[in-house]
Structure formats: structure tokens, C-alpha cells
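> Generate coordinates for the sequence data below:
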Amino acid sequence: MFEDARIRTLWELVEYRARASGSAPMFFDGDGGRAVTFGEVRDAALRAAAGFREWGIGAGTRVMWQLPTRIDTVIASLALARLGAVQTPVIPLHRAREVGFVLAESAAEFVLVPGVWRGFDFTAMVRDAVGERADVRVVPLADGLPDGDPGGLPTVPEGDDDGTRWVYYTSGTTSAPKGVEHTDASLIAGGVGLATALGMSAGDIGSIAFPYAHIAGPDYVIAMLVSGFPAVVLEAFDADRAAEVYRRHGVTMAGGSTAFYQAFHDASRRRRAAAPDAGRLIPSLRLLSGGGAPLPPELYRAAGGELGCAIVHGYGMTECPMIAMGTPYDTDEQLAHTVGRPVAGARVRIVRADGSTAATGETGEVTVSGPMVFRRYTDPALTAQAFTADGWFRTGDLGYLRADGHLVLTGRLKDIIIRKGENISAQEIEDLVNTHPAVAEAAVIGLPDRERGERVCAVVTLAGAADGAEAPRLTLADLTAHLRAAGLMTQKLPEQLEIVEVLPRGGPLNKVLKTALRERYGRAPGAPMSSGVPGGLH
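Sure thing, here's the model as predicted:
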């Protein structure tokens, strides 16, 4: 287990693990069969860093990258960390609308893309967003990473708790994404918290089948570097395919989000229905772990029983990658009904509306402090709103601490939808839905969904008919086509459309009562399982 508190940068941690476990495997490519050791990853990152430096990338250079989950993507990010660049990872699902905003707001000097991946031309999209700007260099990495001579690299930049090294963009209650600034030290603290909770060792084999560009990516890789265990890497997640690869490699820990648990559960049942004597879906599996969405107690029991393993669920967000996490040593009751205890280094305080500290078992806003909390937002106004007077980060989630120290989440203050672990701004979608000519007014809500955690539902009233014209009509297909044309990414498209005569309103400001809409449509006949719980990792 990692014990060196003097390590403050990601590159120091890479060197630490390469010295301790240089010949041990770090990654197995589940798609191509490639395997690399901790030492080989360190050496490849050094060569890539030298190549990046020849391009003009160095300490403080702002580099945005939108790359698939591959071994080379991890190596590229480690190489940039070696140089002390400021990295802005962007999930490959994002398209022109989100990418254009992040490109402009981050003032990126370099943008790394995969070229054409899964039929989509990322190079063309980003170059179109760049336009005539001469201060941005778009670099396709379709032919691999640059390869230079590490002998000419400058000394490793020192760790600086006040120096931003990572900027992640996340949707919140407003339509514009929020830039979240992290240091290497804050990400390391999150990874150490994860590693400590999971109790992984060099004898385990993990898995990365979620977007590495998500903050969960470095969080997980840091846990690997801390504990010395390898992981199987998959570019995209399909439960049946992943299970076959994991069986072959003997994976002991899998997961990523509630959607992964459900998918593996369903894959196992399909497999047993086809071959009753097939045995466990992944015989070596001892842990499913993750977060990113609520974990309904019924899914905990069903998936754990079906797969024959423990499920340890956690809670965090882009601003604080690890807040609380279940452990393999918790009871079934604790794992099914809480998100675990605060991880090592994190402190959680529940506060009342007046700012005072809530009693044990009393619901209030979850606030957190510790070395894994982000440095600041890129927007100073958002930073000022996000912290209490004594420096605790306001998560916007509601919950309470039990007498056993475990955290229970009960609701949220923020108007976000968490779909497959991704935060989606309801306001952003509402703004675009309201531009449809058939829509008079719209409210976008998240509804419980057994596969996605939450699904996007648009509730609208229709515009009145013009004199002599036919009354407007609207279908879900019409609406999604309109939103696609506006550049909205697929993950944010509504999966349900409800048309009402009037939206419910109340309160001193006569706001739309989204709680009433969630109550109405979340309990419709045949509705997916619901926990009514927010939050989750990232």
C-alpha cells in the first residue's frame, strides 16, 4: 500500500510505482490483446512527453484532449503530467455544442483528438470549432503518440497545491458547463481515498470500461498506482463482451456505475437462461464498485446475488472525486442503504438551512472538506457561492449521517439529472426545448430508470395555434430531431415526452414544481425501479 505522503504530483507517483513494481503488469488491452507493465507505461510516457515537448508543450501549456478509453490515452495524460501541462479532458460523447464552449472557455493551445473514431470525425468537428484561430493547434493521434528522446526533458515540475493542473467541465444548474480546477495533489487524495476503501492489492485485477476522460479516470489510475494492481481496459462497455474479456483475464473488481451493475445482472440472467449450467458470469469477480447514480436496495440485492459478489457503492463528484465509499467489510444493510463512510482524508458535515450543524440522523445539505476538494471554479462568482464562510464545499446534495458514520443521501438542491454517471443540466435542455415552435413552456426532469440511473423527461405545454392554423403537435421524434439539429449531445436527449395543459407552479416565486412532476411521472404504471436518492461518483 502507498505510504509516501511526500508525493505531491502524479508523475512522482508514476515513478514510485515503476520503482516498486516495474515488471508487474499495469494494463491489459481487452480489445487488442496488448499488455504493458508499470515500468513500460512510465517509459512510454517519458518518450511521449519528449515528443510533446518538441511540439512546444511544456509546464503550464493548456492542452484539451478528447480521446477514447485506451492505454495510449492514459500514457498521453501521464506524459502531459510529466511536463506539468494543464489538462482539460473532454468525454468523447460530447459534440460541437459542448466542445465549442470548452474550447473557448479553457483557452486551449493544443487539442488532441483520435481522428475518426467509431464513425465520427473528431478532427473535423474541433477544427470547425476552432475556425480561423491561429493560436490553437488541433492534433489527431490516429497514428499513435509522438516519440521523442527523454534525455532532453527538463526537471519534473514541483508539486504546488496552488497550481491548477486539471480543468474538468461539468454541467450544473445552469446551461453553461462549469470549469472545475484540480491540482495533482487533490486528484491523488481522491485516488488514495478510493484505494483505501476498496482494499485492493497487487493480486487483484481491476477494469476500466468507462470514459477515462471522466474524472473517474485518473481517480482509478491513481488507485492502481497506489495499490499496485493492474486493470483491463475496454474502449466501450457492452456487458456480454466485457464479461467474456473479464473471464479471460480473471478480473476481480468490475463496475463503474449503477448502470453497469444492472447490465451485468441482466447479462448473467440471459446467460443462465441459455445455459443453466454455465456457472457465474465472471467466476473471479469479488467486487462490483462504482457510483455516479443511485443504487436502489433492490438492485443491490438482485445483482449481488446473481453475480455472487459484493457491491460497494460510493459518492463523489467532479469537484470532489471521492467523498464517501462502501467497503468490502461493511454489512449488507450498510451497503444497500448508504453510500459508505467518508473516505480517508475527507470530512463530511451536514448543515441546516441556517448554516448550523445538523444532529446525527438529521437531514441537511452535505458539505465536505479535505485535500481532495477542488481548488476553485474558473468562474469566481461560482466559487464564491460554492463554499461556506469557513471553507467547506457545498455539494448541493441533501442527506444525513447515521450513528455508525455512514452517509445516506436523500435528495438534492441542484437541478441536475444524473444519467449513467453523467451530470446533465436540466436548464440547458429546457433552453433548447423552448426554442421548438410547438412548445410554449418546458420543464425537464430526471426520472428513476433501472438501466440509466435516471432518464431525461421533457414535460411541455404546447403553443397556441395561429389564426386559421392547425393546432401544433409534437412527438418525441420531432423534439429529439430539433435538439440534435441544435447540437445537443445524444446523452442529453429526452427519452420521454409528456404534454400537459399547464405546468404546476407554487411558492413565492411561482416556480415550476418539479417535485410534483417527478412524483407524477416517476410513479406511472410500469415505471422503473426508484430509490429517490441522488448523487454518486463524479
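
> per-domain residue ranges of the chain.
By the assignment in automatic domain parsing, the chain contains the domains 10-192, 237-412, 416-522.

> what's the straight distance from one end of the longest one to the other?
Distances were taken as Cα to Cα, to the nearest Å; on that basis the terminal residues of domain 10-192 are 12 Å apart.

> which residues sit against stretch 230-237?
Outside stretch 230-237, the residues that touch it by Cβ atoms under 8 Å, 6 or more residues apart in numbering are 24-31, 68-71, 74, 118, 205-210, 220, 224, 241-242, 245-246, 249, 251, 256, 260, 263. For every residue, glycine as well, the C-beta is placed using N, CA and C.

> Just to be sure, V111 is in a helix?
No: going by DSSP: H, G, I helix; E, B strand; the rest coil, the assignment for V111 is strand, not a helix.

> so can I have TSV of the domains of the chain showing distance to F229 and mean pLDDT?
Converted to TSV, the domains of the chain look like this (distance: least, Cβ to Cβ, whole Å; pLDDT from 0 to 100):
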stretch	distance to F229	mean pLDDT
domain 10-192	9	95
domain 237-412	8	94
domain 416-522	22	87
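
> any idea how far K178 is from Y169?
7 Å (Cβ to Cβ, to the nearest Å).

> Indicate which one of the domains of the chain is closest to L198.
With Cβ to Cβ as the criterion, L198 lies closest to domain 237-412 of the domains of the chain, at 6.2 Å.

> helix/strand/coil for R248?
Note that with three-state DSSP, the state of R248 is helix.

> related to what we said a few turns ago, out of the contacts of stretch 230-237, which are buried?
Buried residues within the contacts of stretch 230-237, counting neighbours by 16 or more other Cβ atoms under 10 Å: 25-31, 68-71, 74, 205-210, 220, 224, 242, 245-246, 249, 251, 256, 260, 263.

> For S207, give me phi and psi.
phi -150, psi 140 (degrees, to the nearest 10).

> wait, isn't it in contact with M253?
Yes: the criterion here is Cβ atoms under 8 Å, and S207 meets it with M253 at 6.9 Å.

> Next, find the distance separating T360 from A344.
T360 is 21 Å from A344, by Cβ to Cβ.

> coming back round to it: show only the entries of the contacts of stretch 230-237 found in strands.
25-29, 206-208, 256 (DSSP state E).

> Can you name the two of these that sit furthest apart?
So, the ones in strands among the contacts of stretch 230-237 by Cβ to Cβ: farthest apart are P25 and G256, at 20.7 Å.

> Please enumerate the helices of the stretch 201-350 of the chain.
Counting by DSSP state H, counting those that start in this stretch, the stretch 201-350 of the chain has helices at residues 216-227, 239-249, 258-274, 297-307, 332-337.

> winner for burial among those helices?
Stretch with highest mean neighbour count among those: helix 216-227 (a mean of 25; mean count of other Cβ atoms under 10 Å).

> Which strands or helices does that one pack on?
helix 10-21, helix 71-83, helix 184-198, strand 206-208, strand 320-325 (3 or more Cβ pairs under 8 Å, 6 or more residues apart in numbering; DSSP states H and E).

> so who does the closest residue to I222 other than its chain neighbours touch?
Closest residue in space to I222, ignoring its immediate chain neighbours: G191 at 2.6 Å, by Cβ to Cβ, 6 or more residues apart in numbering. Counting by Cβ under 8 Å, 6+ apart, G191 touches 218-223, 225-226, 321-322.

> wait, which of the residues you listed is closest to G39?
L225 (12.5 Å).

> tell me the contacts of the closest one?
Contacts of L225 by Cβ under 8 Å, 6+ apart are 2, 13-14, 16-17, 38, 191.

> Same check on R518?
Contacts of R518 (Cβ under 8 Å, 6+ apart): 445-447.

> Now for E105, how many residues are close by?
Residues contacting E105 under the criterion other Cβ atoms under 10 Å number 17.

> Quickly find the element holding it.
helix 96-106 (DSSP states H and E).

> name the helices or strands packed onto that helix?
Secondary elements touching helix 96-106 (3+ Cβ pairs under 8 Å, 6+ apart): strand 62-65, helix 122-130, strand 166-170.

> now with 7 Å?
In this structure, helix 96-106 packs against strand 62-65, helix 122-130, with contacts taken as 3 or more Cβ pairs under 7 Å, 6 or more residues apart in numbering; DSSP states H and E.

> between those, which one is nearest to L409?
Proximity to L409, assessed across the helices and strands packed on helix 96-106 by Cβ to Cβ, is greatest for strand 62-65 (32.0 Å).

> partners of that closest one, with directions?
Paired strands of strand 62-65, with direction, are strand 86-89 (parallel), strand 110-113 (parallel) (DSSP bridges).

> Please save the CA atoms from the first one in CSV.
In other words, strand 86-89. C-alpha atoms of strand 86-89 as CSV (Å, rounded to 0.1, in the frame of the first residue of the first chain):
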residue,chain,number,x,y,z
VAL,A,86,-2.7,22.0,-17.7
GLN,A,87,-5.0,19.3,-19.0
THR,A,88,-8.7,19.7,-19.9
PRO,A,89,-10.1,16.2,-20.6
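
> quick revisit: for the contacts of L225, which two are the farthest from each other?
The most widely separated members of the contacts of L225 are F38 and G191, with 15.1 Å between them, by Cβ to Cβ.

> Compute the number of surrounding residues for the closest residue to H406 other than its chain neighbours.
Excluding the flanking residues, the one nearest H406 by Cβ to Cβ, 6+ apart is T338, at 3.8 Å. By other Cβ under 10 Å, the residues close to T338 number 26.

> Same check on D238?
13.

> residue contacts, it?
By Cβ atoms under 7 Å, 6 or more residues apart in numbering, D238 lies in contact with nothing.

> Just confirm L145 contacts A50, I think it does.
No: L145 is beyond contact range of A50, at 10.5 Å (criterion: Cβ atoms under 7 Å).

> Please identify every residue contacting each of those two.
Joint contacts of L145 and A50 (Cβ under 7 Å, 6+ apart) do not exist.

> what separates A471 from V502, distance-wise?
16 Å.

> Return the distance of W65 relative to L141.
9 Å.
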